[in-house]
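[1] test case, fold it:
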Amino acid sequence: MMLILGVDDYKFYADSTDEEMLNYKSTEHISEFDAREEVYRRNRNAICEEVRKSGKVLDRVVRGFFSHPGHLHNHFVYLASGVDDLKDRISLNWASQLQYMEAFLKKTDRKKIFAERIFQVEEKVMTDYSGVDVFKQVSIVRFLAEMMDKDGRAFFLFEAEDPVTDGPFIKVVELIDR
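    Just a heads-up that it's a prediction; the model follows:
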């Protein structure tokens, strides 16, 4: 069993009963959110088992699951043991996580390159952005993404850059002073 960080592994790896699986599969033709969600709520084990065992693309495994954002939200709350809103947790931990990311980059085999690039970003923050470090935050995450996929543009794309992937990415746009 592989541990999945951030979720309750007992819930994620739970097996469903035949009845739960039949109930879950019966939602394919239910179009109303509340009715479908009530069935999902009672049969979360079946959803988890299908996600784990099916070779299908996720939106084909759980029919109707992505038709309303509430389904994904409620399933996340179920798997993450009551964490209802990640925005608050991310806000509380964002600065420390960025420090960890920066420290990691400065300890890699490319530490001199990243240290120099981070220094250049810090200078740009001071000269171009009056010390507001959003550009640095995006750059640190992008440098980390670069370590994983060899091109940080696949994750964060600055305004003047061309996409390098057909997949989704976050476009960073500099707004004119308000």
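
[2] what about the spatially closest residue to D128 that is not a sequence neighbour, how many neighbours?
    In this structure, D128 finds its nearest non-sequential neighbour in F135, 7.7 Å apart by C-beta to C-beta, 6 or more residues apart in numbering. In this view, the C-beta of every residue, glycine as well, is placed from N, C-alpha and C. Neighbours of F135 under the rule other C-beta atoms under 10 Å: 17.

[3] please apply the same query to H75.
    Residues within reach of H75, counting by other C-beta under 10 Å, total 21.

[4] any idea of the mean pLDDT in the helix or strand in which it is found?
    Using DSSP states H and E, H75 sits within helix 69-79. Summarised as a single mean, pLDDT over helix 69-79 is 87.

[5] can you check stretch 165-178 too?
    The predicted model assigns stretch 165-178 a mean pLDDT of 75.

[6] would you map the helices across this protein?
    9-12, 18-25, 33-42, 44-53, 58-61, 69-79, 86-105, 111-128, 134-149 (DSSP state H).

[7] which outside residues touch the fifth one?
    Residues outside helix 58-61 that contact it (C-beta atoms under 8 Å, 6 or more residues apart in numbering): 50-51, 54, 65-66.

[8] please repeat the previous calculation with a cut-off of 6 Å.
    50-51, 54, 66 (C-beta atoms under 6 Å, 6 or more residues apart in numbering).

[9] ok, of those, which come out buried?
    Among the contacts of helix 58-61, those buried by neighbour count (16 or more other C-beta atoms under 10 Å) are E50.

[10] make a markdown table out of the contacts of helix 58-61 and add distance to F158 and pLDDT.
    Formatted as a markdown table, the contacts of helix 58-61 follow (distance: C-beta to C-beta, whole Å; pLDDT from 0 to 100):
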| residue | distance to F158 | pLDDT |
| --- | --- | --- |
| E50 | 39 | 89 |
| V51 | 34 | 87 |
| S54 | 37 | 84 |
| F66 | 29 | 80 |
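
[11] closest one of the contacts of helix 58-61 to A80?
    A80 has its nearest neighbour among the contacts of helix 58-61 in V51, at 14.8 Å by C-beta to C-beta.

[12] tell me which helix or strand of this protein sits lowest on mean pLDDT?
    None of the helices or strands of the chain scores lower by mean pLDDT, DSSP states H and E than helix 58-61, at a mean of 74.

[13] of the helices of the chain, which shows the lowest average pLDDT?
    Among these, helix 58-61 scores lowest, at a mean of 74.

[14] and it, which residues are buried?
    Under 16+ other C-beta under 10 Å, helix 58-61 has no buried positions.
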